[in-house]
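Undergrad: Sharing a sequence plus its predicted fold:
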Amino acid sequence: MSKRYVVIMAGGRGERFWPESRTARPKQLLPIVGEKAMLAQTIDRLADLVPAEDVFFITNTEQRDAVLEVCPELDPNKVIGEPVGRDTAAAVGLATVLVRREDPEAVFAMLPADAVIHDAAGLCATLESAFAAAEADPVLATIGITASSPATGYGYIQQGNTLGDSAGQAVYQVKRFVEKPDLATAQSYLEAGDYFWNAGMFIWSVAAIAAELEKSTPTLWQALQAIDQGLEAGQGIDTVLAQHYPKLEKISVDYAIIEKANNVVMVESGFDWDDVGEWPAVSRHYPSDEAGNVVRGSAELADSSRNIVYSRDEKHLVALLGVEDLIVVRTEDATLVCHKDKAQEIKDLVKKIGAKASYKHLT
């Protein structure tokens, strides 16, 4: 069996979870759902699959210290801060260089930092199948999440023919990837039964993904070799990345590679999954009162229904009277009051706040 690694992409600003989430400490570094930071929960789920010393993190320089703070068990040398964001193809390329330097025969998984998954055993079993598939053949494996609703906020994977069995689970050919659909299209996908949510989880061998990077993104691949050569020459990774990373092509791995490749396979998820992309999603993971209110923190509600109240300061009381369908988030220095229907627009509000010098520190 090949040596296995996990690379977690832990960047992002988490603007839709403002004001709890900030640039220096976004969603994945906070206990938005659960009692530990989302990132720490991700590490815990993988404990039976890959030891912490074989986990890489690709974050950004602003968040690197915070990552090590919430996950002190990690090897600091494997927590990498991008000097600038260059999208996911660059992150995958950097991961490939770093894992190849550890073991050119390795396989590794690229996983997001902040999904909510309660069934850790199911996740590990599915990843085991995907790892085994990537070890057996030069494929790009992904995990398809069984769609439970006509969601318009996710991309979709169309399942193709069964290719065989891998560690107890079927492996399928991927027919195609599709972008986030409108509601009618999403409903047709749900009814068809062969479309799965794309969770952005990928598993492949170093050799397989390197070959695809070189073929599909030759300019990016050439620049990645310069990073590798700098590391081989003994330069520190921060120095090397500062010199080369801003020059990398900015493109997603989906556009650059996954949607073009003819060797993509899928393993169906054997676990629950929620990417918790905005405040209303929190209500799926906490109990509600008889009026449908979800409260985390100290709050009193009267004649109010279907509200979400989030405040981790137990000394501060949040009181709601005669309102419904609101999101109320209270932090030490900012308070958000927002209708649930406007949750997607919080990101725009944060940009407006950040444009004012006197409020810049709040973003």
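TA: Looks like it arrived, so ask away.

Undergrad: For the rest of this, base every contact and every neighbour count on C-alpha atoms.
TA: Will do.

Undergrad: so the most centrally placed residue in the chain bridges to which residues?
TA: Per C-alpha atoms, centre = their mean, the C-alpha nearest to the average position across the chain is that of residue 112, at 2.6 Å. Counting by DSSP bridges, residue 112 forms beta bridges with residue 9.

Undergrad: I'd guessed it sits against residue 8; true?
TA: Yes: look at residue 112 against residue 8 with C-alpha atoms under 8 Å: they come within range, at 5.6 Å.

Undergrad: Determine the number of other residues adjacent to the nearest residue to residue 183 once chain neighbours are set aside.
TA: Nearest residue to residue 183 in three dimensions, chain neighbours excluded: residue 152, at 6.0 Å (C-alpha to C-alpha, 6 or more residues apart in numbering). Neighbour count of residue 152, defined by other C-alpha atoms under 10 Å: 16.

Undergrad: ok, residues contacting the helix or strand hosting residue 100?
TA: Using DSSP states H and E, residue 100 maps to helix 87-102. Helix 87-102 has contacts (C-alpha atoms under 8 Å, 6 or more residues apart in numbering) with 5, 7, 9, 56, 58, 106, 108, 110, 206, 209-210, 213, 220-221, 224-225, 228, 248-254, 256.

Undergrad: Can you tell me which of these are buried?
TA: 5, 7, 9, 56, 58, 106, 108, 110, 206, 209-210, 213, 220-221, 224, 228, 248-253, 256 (16 or more other C-alpha atoms under 10 Å).

Undergrad: burial count for the residue lying closest to residue 324 once chain neighbours are set aside?
TA: Distances taken as C-alpha to C-alpha, 6+ apart put residue 305 closest to residue 324, at 4.7 Å, once the chain neighbours are dropped. Neighbours of residue 305 under the rule other C-alpha under 10 Å: 21.

Undergrad: before we move on, what about the one 5 residues further on?
TA: Per other C-alpha under 10 Å, the neighbour tally for residue 310 reads 23.

Undergrad: mind checking how far the host helix or strand of it is from the chain centre?
TA: Assessed by DSSP H and E, residue 310 sits inside strand 308-311. Strand 308-311 has its C-alpha centroid displaced from the chain centroid by 23 Å (C-alpha atoms, centre = their mean, to the nearest Å).

Undergrad: Can you tell me what sits against whatever helix or strand comes next after that strand?
TA: Going down the chain from strand 308-311, the next helix or strand is strand 318-321, by DSSP H and E. Outside strand 318-321, the residues within contact range by C-alpha under 8 Å, 6+ apart are 298-304, 309, 311, 330.

Undergrad: ok, and the most crowded of those residues?
TA: residue 309 (27 neighbours).

Undergrad: list the contacts for that residue?
TA: 293-297, 299, 318, 327-329.

Undergrad: Buried ones from these, can you make that a ChimeraX selection?
TA: In ChimeraX, this line selects whichever of those come out buried by 16+ other C-alpha under 10 Å:
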select :293,294,295,296,297,318,327,328,329
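
Undergrad: In TSV: the contacts of residue 309, plus distance to residue 174, secondary structure and pLDDT.
TA: Formatted as TSV, those follow (distance: C-alpha to C-alpha, whole Å; DSSP: H, G, I helix; E, B strand; the rest coil; pLDDT from 0 to 100):
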residue	distance to residue 174	secondary structure	pLDDT
293	41	coil	98
294	39	strand	97
295	41	strand	96
296	41	strand	94
297	44	coil	93
299	48	strand	96
318	49	strand	97
327	39	strand	98
328	42	strand	98
329	41	strand	97
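
Undergrad: re the thing from before, so the residue nearest to residue 183 sits against residue 178, correct?
TA: No: counting by C-alpha under 8 Å, residue 152 does not reach residue 178; the two are 11.4 Å apart.

Undergrad: Show me the shaky parts of the stretch 101-250 of the chain.
TA: In the prediction, the stretch 101-250 of the chain carries no residues with pLDDT under 70.

Undergrad: residue boundaries of the helices in it?
TA: For the stretch 101-250 of the chain, the helices defined by DSSP state H, counting those that start in this stretch occupy 120-136, 183-192, 206-216, 218-232, 237-244.

Undergrad: what sits up against the shortest one?
TA: Read that as helix 237-244. So helix 237-244 is contacted by 81-83, 223, 226-227, 230-231 (C-alpha under 8 Å, 6+ apart).

Undergrad: change it to 7 Å
TA: Outside helix 237-244, the residues that touch it by C-alpha atoms under 7 Å, 6 or more residues apart in numbering are 83, 227, 230-231.

Undergrad: Mind listing what's buried along that helix?
TA: Here helix 237-244 shows 237, 240-241 as buried, counting by 16+ other C-alpha under 10 Å.

Undergrad: CA atoms only: put that helix into CSV for me.
TA: Extracted C-alpha coordinates of helix 237-244, given in CSV (Å, rounded to 0.1, in the frame of the first residue of the first chain):
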residue,chain,number,x,y,z
ILE,A,237,9.4,27.8,2.0
ASP,A,238,8.2,31.3,2.9
THR,A,239,11.0,32.8,0.8
VAL,A,240,10.3,30.5,-2.2
LEU,A,241,6.6,31.1,-2.1
ALA,A,242,7.0,34.9,-1.8
GLN,A,243,9.2,34.8,-4.9
HIS,A,244,7.1,32.5,-7.1
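
Undergrad: No further queries at this time; thank you.
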